[in-house]
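Undergrad: Take this sequence and fold it.
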Amino acid sequence: MAERVIPLVDQRIAALRPAVPQGLAGIPSGWLTDTLGRPLRDLRISVTDRCNFRCAYCMPKEVFDKDYPYLPHSALLSFEEITRLARSFVDHGVRKIRLTGGEPLLRKHLENLVGMLAQLRMPDGTAPDLTLTTNGSLLARKAQALKDAGLNRLTVSLDSLQDAVFRHMNDVDFPVAEVLAGIDAAQAAGFARIKVNMVVKRGTNDHEIVPMARHFRGTGVTLRFIEYMDVGATNGWRMDEVLPSADVIARLQAHLPLVPLPEQAPGETARRWGYADATGRHDPALGEVGVIGSVTQAFCGDCNRARLSMEGSLYLCLFATQGWDLRSLLRGGATDADIAAAIAGIWNGRGDRYSELRSSLPADTGQGARRVEMSYIGG
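TA: Numbers count the residues shown, from 1 in each chain. Predicted structure coming up:
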């Protein structure tokens with residue numbers, strides 16, 4: 001077994017430490033704010049801790065090896081439990097639900113969960129935006145079923161178009177052609193607002209920025225460049241491997257003129273840029289790109305996202321070190337009112353803003369509480 005294994009059991013124990021708030025919170029009003037006035041609007045649900053890729057920035061092979069202690073199926077929330085929790089979050093004001101992993105398409109019959117979540121309604125009677133993030137490896141065979149079940153949107157992780165680079169980054173020798181085939185299948189199934197996320201790591205794939213943009217320009221697919229982040233405790237993150245989002249835009253501007261676009265919704269993580277036509281105006285037919293600069297351009301100020309792990313721990317930040325155990329409420333006889341009150345109490349006490357404070361925090365020596373791994377709660 002690799003020496004740097006960080007057992008998930010440690011994270012599960014840590015997740016039980018904070019006391020889940022008790023008591024009555026009244027009927028959810030659809031508006032819930034934290035200590036900084038940020039509303040709860042986005043819920044990201046991890047459905048599995050497993051992935052068939054071993055990307056170094058997320059699940060490095062030397063840690064997540066064949067002996068890694070993944071959660072048993074009995075520990076995972078059932079689709080019914082996920083839906084029950086999601087219903088409470090929607091009652092509190094969540095407008096978007098994103099299914100993540102690990103690789104979510106590894107969860108058997110995921111389209112059944114999609115169908116259950118698609119039946120949820122917000123206080124105004126409309127359905128929340130239901131999305132999914134995938135590495136695309138199984139998308140070609142799953143796209144139509146997901147669309148038919150009610151999934152609204154897809155995001156596909158893709159870090160390079162060069163097959164050798166892509167195989168190196170996923171570290172399981174998976175060909176890029178199959179991911180591209182998955183994107184094509186998703187478009188054929190009727191997904192119209194597909195996003196592709198590229199994690200940019202200086203010295204590894206930053207030479208692919210312009211080729212990626214050229215490939216997806218005018219296809220209806222929005223490409224987003226994500227700064228390599230210090231998530232978890234196992235990816236060996238170094239600041240000198242981060243290419244700032246401003247540099248990404250500068251590289252693109254040298255080849256493909258761009259104009260800034262306004263944000264589409266409060267709490268949006270990506271800064272949007274549209275491809276310009278000959279007059280210097282955005283041409284919607286050419287599409288847009290986005291940059292997510294959580295390292296150099298922190299967006300904690302309007303972060304409205306909560307994260308639910310596959311076994312029911314609620315995390316309030318991607319860089320969190322602990323979560324709140326909601327599974328015990330589900331399996332311990334709690335009423336819907338009890339669960340709603342717990343969620344309200346947790347969010348009301350939230351003050352997380354790690355990215356804003358990163359530069360002022362002491363250096364991570366590995367001796368303190370470990371940040372939860374991204375594969376455990378999704379991106």
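Undergrad: Name all residues that make contact with residue 104.
TA: Residue 104 makes contact with 46-48, 110, 132-134 under the criterion C-beta atoms under 8 Å, 6 or more residues apart in numbering. Using the backbone N, CA and C atoms, a C-beta is placed for each residue, glycine as well.
Undergrad: Repeat the analysis, applying 7 Å as the threshold.
TA: Remark: with contacts taken as C-beta atoms under 7 Å, 6 or more residues apart in numbering, residue 104 is in contact with 47-48, 110, 132, 134.
Undergrad: would you turn the residues you listed into a markdown table with neighbour count?
TA: A markdown table is the format used below for these (neighbours: other C-beta atoms under 10 Å):
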| residue | neighbour count |
| --- | --- |
| 47 | 25 |
| 48 | 24 |
| 110 | 24 |
| 132 | 25 |
| 134 | 25 |
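Undergrad: tell me the two of those residues that are most distant?
TA: 48 and 132 (12.4 Å; C-beta to C-beta).
Undergrad: how close does residue 52 get to residue 173?
TA: Using C-beta to C-beta, to the nearest Å, one obtains 11 Å as the distance from residue 52 to residue 173.
Undergrad: How about residue 50?
TA: 18 Å.
Undergrad: Between these two, which has more neighbouring residues?
TA: The neighbour comparison of residue 50 against residue 173 (other C-beta atoms under 10 Å) goes to residue 50, with 18 against 9.
Undergrad: Could you confirm that one falls within a strand?
TA: No - for residue 50, which was evaluated using DSSP: H, G, I helix; E, B strand; the rest coil, the result is coil, with no strand membership.
Undergrad: OK, contacts around it?
TA: 70, 102-103, 106.
Undergrad: quick one, phi/psi of the closest residue to it other than its chain neighbours?
TA: Distance criterion C-beta to C-beta, 6 or more residues apart in numbering; nearest residue to residue 50, sequence neighbours excluded, is residue 102 at 4.9 Å. According to degrees, to the nearest 10, the main-chain angles of residue 102 amount to phi 30, psi -160.
Undergrad: Please give me every residue in contact with residue 102.
TA: 46, 48-51, 375.
Undergrad: For those, could you give me CSV that also reports distance to residue 302?
TA: Written out in CSV, the entries for the contacts of residue 102 read as follows (distance: C-beta to C-beta, whole Å):
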residue, distance to residue 302
46, 23
48, 29
49, 29
50, 32
51, 30
375, 26
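Undergrad: count of neighbours near the residue nearest to residue 175 when sequence neighbours are not counted?
TA: Nearest non-adjacent residue to residue 175, counting by C-beta to C-beta, 6+ apart: residue 163, 5.9 Å away. One way to gauge burial is a neighbour count; for residue 163, by other C-beta under 10 Å, it gives 13.
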